[in-house]
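Student: my questions concern the predicted model and sequence given below.
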Amino acid sequence: MIRFENVNKVYKGDLVALKDVSVEIPKGEFVFLVGPSGSGKSTFLKLLLRDEVATAGRVLVAGRDIGRLGAWKVPSLRRNIGCVFQDFKLLTNKTVYENVAFALEVIGRPKHIVRTQVPQILDLVGLGKKSENFPTELSGGEQQRVSIARAFVNRPLILLADEPTGNLDPATTVGIMRLLDRINRTGTTVVMATHDQRIVDAMRRRVLELDHGALVRDQARGVYGVGS
Amino acid sequence: MSRLSYFARETLISLRRNLLMTIAGIITVLISLVLFGGILLLSSAVDHGTEKWKHGVELEIFMKVNASKSDIDAMKSQLSSDSLVKSYRYLDHKAAYEEFKRLFHDQPALIESTTPDVLPESFRVAPVTARLTEQVAGEYDKRPGVDKIMTAQQQIKNLLNATRWIRLIFFVISLALLLSSLFLIVNTIRLATFARRREIEVMRLVGASNWFVRVPFMAEGLVQGAIGAGLAFGFVWTLKVVISNVLNSQHTLFSTFRVTDSDAIGIGLLIVIIGAVIGTLGSAIGLRRFLEG
């Protein structure tokens, strides 16, 4: 599903973000991306979204070299990749329902699809009863559920999560992880960048560790730190 | 259908949010286009009034009312062979009467009491160059049957000169205003994209196509340009009516200066098109920087 082939990314001012990273993530896998701040986790995700383009090497999604994708094809790539962020990126002037519906409306999905899909996904994330609330009326965990609903409502093949539990307390975090696990079980490939040692240790999934842009560990059922 | 209503809704929201900037944009489009349209209208009025002095016609030779056929024929052959004369046009009694009717169309009594045969025949003569006017006039002054010779009136020439400058000045002013209305729209669109940067960010994340992100903003600029132009059209039309009334109320020099409906409609359409182009262009420029990549 995802393949990095000798990927290098150098930002302006010779800032090396990724160094010769090669990795393959098969369809349906759940992968943790760990490493300290500035190790290249975010760059890794940005390359997948084609927010950035690799300086050297190839990034393949579903067999396609996305670095060579024309600008007008980028939207269709992103329709297949859902995204969740630490700061949720919800629109505060829209209700929960409208936030999720927005993701379908702006890619031109017809009204009847929106009307059936949105309540269904809100039930899945456990917010069926809060669809008319505004994001500011929700707890952090609930807001993140809305953001996951929005990322998943279009049934993408891949779900990227950049520190999705970074702003949440441990109890809430468990709920979010259960949800991501559930989404993963539907066949969606999940790539999650995180600092949270406990989650990684508890989930026992594949772990990719980046350090100064280099891939230093790729462990099938890993824990957060080596030897811990 | 749902897309259309989506675009309409988003455009309206954005227009409302930037109400002051929107109004400023509309007003500058309006003023610049009213100036532009007004000057075109005035130009067309002047063009109609000075039509007979166009194509190099510098003098009119009026025959005596009782000039004989042979006098006329002699004039014709003389003018045809004259090396100083580039061209001429002969107006018989009937043509003179037609023009008389046009000039005094608002005085039916005068037309009623006049018959074609009391109006003199005339020749409109274009010399090879304007400098030869006096020479040509002197040449024909004493010919049999010639009553008097009129050269293009100094007033008309002054008017043409003056309007040329006025046209130029107004044209430059309206151009400057059009440019500033363009910049205002660019600015409004930039503000609008900034105000909605989070929405745009989400749209791009979930894979909305570029044109889907752009259309509401393009529509916003277009609406501003179109409203400004529509209002300008109204003003220009009013101006046309006013000009027509003023010109009709005096029958001196300006009696032939008129503005036709088709002139005004043509100018109005031009104005609306310019307004729409300015609006769309402004949005396109305003969007360029924000939506790159």
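Tutor: Cool, the structure landed. Numbers count the residues shown, from 1 in each chain, chains lettered A, B, ... in the order given.
Student: going forward, measure contacts between C-alpha atoms and count neighbours the same way
Tutor: OK.
Student: export stretch A:124-132 to PDB, keeping only CA atoms.
Tutor: Output in PDB follows, covering the C-alpha atoms of stretch A:124-132 (Å, rounded to 0.1, in the frame of the first residue of the first chain):
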ATOM      1  CA  LEU A 124     -19.400   4.500  14.800                       C
ATOM      2  CA  VAL A 125     -17.300   7.000  16.800                       C
ATOM      3  CA  GLY A 126     -19.900   7.200  19.500                       C
ATOM      4  CA  LEU A 127     -21.100  10.800  18.900                       C
ATOM      5  CA  GLY A 128     -24.500  10.000  17.400                       C
ATOM      6  CA  LYS A 129     -26.200  12.000  20.100                       C
ATOM      7  CA  LYS A 130     -24.000  15.100  19.800                       C
ATOM      8  CA  SER A 131     -24.300  15.700  16.100                       C
ATOM      9  CA  GLU A 132     -25.900  19.200  16.600                       C
END
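Student: give me phi/psi at the one residue in chain B that gets nearest to chain A?
Tutor: Proximity of chain B to chain A (Cα to the nearest Cα) peaks at residue B:207, 4.0 Å away. When quoted as degrees, to the nearest 10, the phi and psi of residue B:207 stand at phi 90, psi 30.
Student: quick check, it in contact with residue A:71.
Tutor: No: the criterion here is Cα atoms under 8 Å, and residue B:207 misses it with residue A:71 at 11.7 Å.
Student: returning to what we had before: what sits against the residue of chain B closest to chain A?
Tutor: Residues in contact with residue B:207 (Cα atoms under 8 Å, 6 or more residues apart in numbering or on different chains) are A:74-79, A:107.
Student: mind running it again at 10 Å?
Tutor: Contact analysis of residue B:207 by Cα atoms under 10 Å, 6 or more residues apart in numbering or on different chains lists A:49, A:73-82, A:103-104, A:106-107.
Student: report the buried members of those.
Tutor: A:49, A:74-75, A:77-82, A:103-104, A:106-107 (16 or more other Cα atoms under 10 Å in any protein chain shown).
Student: distance to chain B, secondary structure and pLDDT added to those, as JSON lines?
Tutor: JSON lines is the format used below for the buried ones among the contacts of residue B:207 (distance: Cα to the nearest Cα, whole Å; DSSP: H, G, I helix; E, B strand; the rest coil; pLDDT from 0 to 100):
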{"residue": "A:49", "distance to chain B": "8", "secondary structure": "helix", "pLDDT": "92"}
{"residue": "A:74", "distance to chain B": "7", "secondary structure": "helix", "pLDDT": "91"}
{"residue": "A:75", "distance to chain B": "4", "secondary structure": "helix", "pLDDT": "92"}
{"residue": "A:77", "distance to chain B": "7", "secondary structure": "helix", "pLDDT": "93"}
{"residue": "A:78", "distance to chain B": "5", "secondary structure": "helix", "pLDDT": "94"}
{"residue": "A:79", "distance to chain B": "5", "secondary structure": "coil", "pLDDT": "94"}
{"residue": "A:80", "distance to chain B": "8", "secondary structure": "coil", "pLDDT": "93"}
{"residue": "A:81", "distance to chain B": "8", "secondary structure": "strand", "pLDDT": "95"}
{"residue": "A:82", "distance to chain B": "7", "secondary structure": "strand", "pLDDT": "94"}
{"residue": "A:103", "distance to chain B": "6", "secondary structure": "helix", "pLDDT": "94"}
{"residue": "A:104", "distance to chain B": "8", "secondary structure": "helix", "pLDDT": "93"}
{"residue": "A:106", "distance to chain B": "5", "secondary structure": "coil", "pLDDT": "89"}
{"residue": "A:107", "distance to chain B": "5", "secondary structure": "coil", "pLDDT": "90"}
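Student: which parts of chain A sit against chain B?
Tutor: Counting by Cα under 10 Å from any Cα of the partner chain, chain A comes close to chain B at A:49-52, A:71-84, A:89-92, A:99, A:102-111, A:150-152, A:154, A:156.
Student: my guess is residue A:176 meets residue A:125, correct?
Tutor: Yes: in this structure residue A:176 lies within contact range of residue A:125 using Cα atoms under 10 Å: 9.0 Å.
Student: check the contact lists of these two and give me the overlap.
Tutor: A:142, A:144-145, A:148, A:182.
Student: phi, psi of residue A:58?
Tutor: Dihedral angles (degrees, to the nearest 10) for residue A:58: phi -120, psi 140.
Student: show me how chain A divides into domains.
Tutor: A:1-80+A:156-228, A:91-155 (automatic domain parsing).
Student: any idea which of the ones you listed has the lowest pLDDT on average?
Tutor: When the domains of chain A are ranked by mean pLDDT, domain A:1-80+A:156-228 comes last with a mean of 91.
Student: tell me how far that domain lies from the chain's centre.
Tutor: 7 Å (Cα atoms, centre = their mean, to the nearest Å).
Student: name the nearest residue to residue B:219, ignoring sequence neighbours.
Tutor: residue B:11 (6.4 Å; Cα to Cα, 6 or more residues apart in numbering or on different chains).
Student: and what of residue A:144?
Tutor: In space, residue A:144 is closest to residue A:88, 5.7 Å off (Cα to Cα, 6+ apart).
Student: isn't the one you found up against residue A:145?
Tutor: Yes: shown here, residue A:88 and residue A:145 form a contact pair, counting by Cα under 10 Å, at 8.9 Å.
Student: that's a strand at residue B:147, yeah?
Tutor: Yes: if the criterion is DSSP: H, G, I helix; E, B strand; the rest coil, then residue B:147 is within a strand.
Student: wouldn't it be in contact with residue B:123 here?
Tutor: No: with contacts defined as Cα under 10 Å, residue B:147 does not count as touching residue B:123, sitting 11.6 Å away.
Student: overlap in contacts of these two?
Tutor: With contacts defined as Cα under 10 Å, 6+ apart, the residues shared by residue B:147 and residue B:123 are B:61-63.
Student: what's the helix or strand for the spatially most central residue of chain A?
Tutor: Against the mean C-alpha coordinate of chain A, by Cα atoms, centre = their mean, the closest residue is residue A:160 at 1.4 Å. Taking DSSP states H and E as the criterion, residue A:160 maps to strand A:158-162.
Student: which strands or helices does that strand pack on?
Tutor: If you count contacts as 3 or more Cα pairs under 10 Å, 6 or more residues apart in numbering or on different chains; DSSP states H and E, strand A:158-162 packs onto strand A:30-34, helix A:41-49, strand A:81-85, helix A:140-152, helix A:170-185, strand A:189-193.
Student: packing partners of the fourth one?
Tutor: Think helix A:140-152. Using 3+ Cα pairs under 10 Å, 6+ apart: helix A:140-152 touches strand A:81-85, helix A:96-105, helix A:111-124, strand A:158-162, helix A:170-185.
Student: all set now, cheers.
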